[in-house]
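In: sequence unknown, structure follows:
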């Protein structure tokens, strides 16, 4: 039996240990996936290592060609040559022989239809046969369409007087024609008018005939052939060499400190292109990827260690830890997408959203370090220069420092103003350092030697600051999704008009006063060790809301009669302990954040209701008393803030028992209460250091002395006497 029992215990321990390792495995998998995800965006091409700009000095050592390479013409040079070729290439127009046939048929049909409704002018010629009009019209059309009727493209109209073109008949090139060799619509109409004028005596109805022929002549038989013209231009363009010289192996490309003019720039661009082609023919993409992956994993590992040591409450909460990793992955992907969109610049990405959101939920150290890690990863991912890294880290610091004091929307806008100023000042300063001038420097021949500060880039910076506004609506979204509580929510909950606090002030005014004092003590202690003083202050306001169900059973709300006299000590203990579970019930009903509910659960830890426990033992010496009946359910405090509030709660209550306390009394009380918590192991699960504990003690002692100060009261008669101040 004993062996079976031991075996079961061992099995349970193994299962328990296995379960406890699951979160560590999940964290490891998440970190590995993050590193792999980011590494997928890294380029696998080896690239030219030198950075240079036209109009700047070559800041590297002398550069010689390690191999032969042709000098590429610039885009401007190629464009100019193509423009010259385009002017020399005649456009192609196509002659359609079927048009004359269809238009003659259309004319005859239209004429007979119209003539039947038309009443000719009465006179000597009225008996003229309509067939003569038809024949005349057909002759005119034949003469015009035989010479050919052209319609010019809009871009060709400007050079109509000197315009020449190649004429195509099916697939046969009939050669070069001038516009004077054919009829334009305008010339054809004029020819028609002149011809009708010459026979006006014979054809009395010339106006009728003129209108009809003008409609027919709207259809040309020579039209622009864009396909053949484009092919002709492409063939001509393809014959243009993209190179304008060669650099032999060993020849100097550029020397140190030389100005990079257009000629030197062409050589460098050509060398860069050839270098990238040569090196990438022998590259190993897998090695490049593995190198990036190793570097990314190193950064991610450093980040994880930082979170573990400096934000353990985040590291130990998978939900919160996942949020941080999601932010890192999201910004890496966003930067990759923006970088691929040619019209956008990376300065448009609002990187400050990250520290603003994180500091609202966690601490400043985590906010700044996460921001720095993201900037380093993105700089490595996209090969950004030190300008980008320096500006983004500078602005991130400003965002963190300003957000430390931000509790309201108005403060948030002030932070945005500081972020904008930091961006502008940092960007302009680095531009001046890089360019050496504010305004462009222009040579005597009009060439821009140095462009100065790139003022247009400030547009991206300002848009970045505007996009940072998104952090404000994102904060409540993350609160809902990840079960977090922001400073903005805490400020709202600290309002004494909150329905729970108003109800507490009515039902249990003494408890509210106790809670306010605990809040003051907790806030002061949290500030001296850099803990979240706003969180612990608000938690203190709500930690005893469970007392509203039976306020008269708590000494701070009692007047004369003590209702505990009607109860057994066990019943009294159960009722006192019950304010914790009742507080949790009310908090959940009112949808208080989970982090505040944790304070309600832990503010007594697993301590005993000592007075009722000892009294019950004395009154029942023959009974075996179960300590669990007199013990709070806990758990013990898990964070610095929860530990601070537990101590503040005990100290505030205990200080009420002191009559006319001296400084030594208060010092002894603080030391005794806190040592008792340590002895009972109530602070074991917090990461409070001994140094921090000493600072907390000093803060408690200082404030308790102020709250319980001694003053002289002057009575109407007799000698003054010393009393405890109210």
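Out: Arrived safely. Being a predicted model, the structure only gives us computed values, none of them experimental.
In: Can you show me the helices along the stretch 501-650 of the chain?
Out: Listed in chain order, the helices of the stretch 501-650 of the chain (DSSP state H, counting those that start in this stretch) span 509-528, 533-542, 569-589, 594-602, 610-619, 640-655.
In: What is the longest one packed up against?
Out: In this case it means helix 569-589. Here helix 569-589 touches helix 594-602, helix 610-619, going by 3 or more CB pairs under 8 Å, 6 or more residues apart in numbering; DSSP states H and E. Backbone N, C-alpha and C define where each C-beta goes, glycine included.
In: Tell me which other helices or strands the last one touches.
Out: In this structure, helix 610-619 makes packing contacts with helix 569-589, judged by 3+ CB pairs under 8 Å, 6+ apart.
In: contacting residues around the helix it packs on?
Out: Applying CB atoms under 8 Å, 6 or more residues apart in numbering, the contact partners of helix 569-589 are 500, 542-550, 553-554, 564, 567, 596-597, 600-601, 603-604, 609, 612-613, 615-616, 619, 629-633.
In: Please, a ChimeraX command that selects the buried ones among those residues?
Out: ChimeraX command restricting those to the buried ones, with burial defined by 16 or more other CB atoms under 10 Å:
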select :500,542,543,544,545,546,547,548,549,550,553,554,564,596,597,600,601,603,604,609,612,613,616,630,631,632
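In: Adding mean pLDDT, write the helices of the stretch 501-650 of the chain out as TSV.
Out: Output for the helices of the stretch 501-650 of the chain, formatted as TSV (pLDDT from 0 to 100):
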stretch	mean pLDDT
helix 509-528	95
helix 533-542	95
helix 569-589	91
helix 594-602	95
helix 610-619	85
helix 640-655	94
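In: out of these, which comes closest to residue 414?
Out: With CB to CB, the closest approach to residue 414 among these belongs to helix 533-542: 17.8 Å.
In: Can you list the helices and strands that that closest one packs against?
Out: Applying 3+ CB pairs under 8 Å, 6+ apart, one finds that helix 533-542 contacts helix 487-493, helix 499-507, helix 509-528, helix 594-602, helix 640-655.
In: one more time with 6 Å
Out: Helix 533-542 sits against helix 487-493, helix 509-528, helix 594-602, helix 640-655, with contacts defined as 3 or more CB pairs under 6 Å, 6 or more residues apart in numbering; DSSP states H and E.
In: what's the most buried one of the ones you listed?
Out: Most buried of those, by mean neighbour count (mean count of other CB atoms under 10 Å): helix 640-655, with a mean of 25.
In: Run the angle between it and helix 533-542 for me.
Out: For helix 640-655 against helix 533-542, the angle by axes from the mean of the first three to the mean of the last three CA atoms, to 10 degrees is 50 degrees.
In: can you state the direction angle for helix 640-655 and helix 594-602?
Out: 40 degrees.
In: now the angle between helix 509-528 and helix 640-655, please.
Out: 130 degrees.
In: buried stuff in the helix or strand just after helix 640-655?
Out: The first helix or strand that comes after helix 640-655 along the chain, using DSSP states H and E, is helix 663-679. Buried residues in helix 663-679, counting neighbours by 16+ other CB under 10 Å, are found at 665, 666, 667, 669, 670, 673, 674, 677.
In: so how far is helix 663-679 off the chain centroid?
Out: Helix 663-679 has its C-alpha centroid displaced from the chain centroid by 50 Å (CA atoms, centre = their mean, to the nearest Å).
In: who's in contact with the very next helix or strand once past it?
Out: Tracing the chain C-terminally past helix 663-679 and defining elements by DSSP H and E, one meets helix 690-707 next. Helix 690-707 is contacted from outside by 521, 524, 525, 528, 529, 651, 655, 666, 667, 670, using CB atoms under 6 Å, 6 or more residues apart in numbering.
In: Could you measure from the first one over to residue 368?
Out: Residue 521 sits 29 Å away from residue 368, going by CB to CB, to the nearest Å.
In: just how off-centre is stretch 186-205 within its chain?
Out: When distances are taken as CA atoms, centre = their mean, stretch 186-205 is centred 74 Å away from the chain's centroid.
In: would you list the helices of the stretch 501-650 of the chain in a markdown table and tack on distance to residue 322?
Out: Compiled in a markdown table, those are given as follows (distance: least, CB to CB, whole Å):
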| stretch | distance to residue 322 |
| --- | --- |
| helix 509-528 | 27 |
| helix 533-542 | 21 |
| helix 569-589 | 24 |
| helix 594-602 | 16 |
| helix 610-619 | 42 |
| helix 640-655 | 22 |
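In: out of these, nearest to residue 415?
Out: For residue 415, the closest of these is helix 533-542, at 16.3 Å, according to CB to CB.
In: hmm, who's touching that closest one?
Out: For helix 533-542, the surrounding residues in contact (CB under 6 Å, 6+ apart) are 487, 490, 493-494, 515, 518-519, 522-523, 526-527, 596, 599, 641, 644-645.
In: Show me where the chain has its strands.
Out: Along the chain, counting by DSSP state E, strands occupy 63-64, 69-72, 92-95, 149-150, 164-169, 172-178, 183-184, 222-224, 243-247, 252-254, 441-442, 448-450, 710-713, 721-724.
In: re the thing from before, how about JSON lines for the helices and strands packed on helix 569-589, with distance to residue 437 added?
Out: Compiled in JSON lines, the helices and strands packed on helix 569-589 are given as follows (distance: least, CB to CB, whole Å):
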{"stretch": "helix 594-602", "distance to residue 437": "54"}
{"stretch": "helix 610-619", "distance to residue 437": "77"}
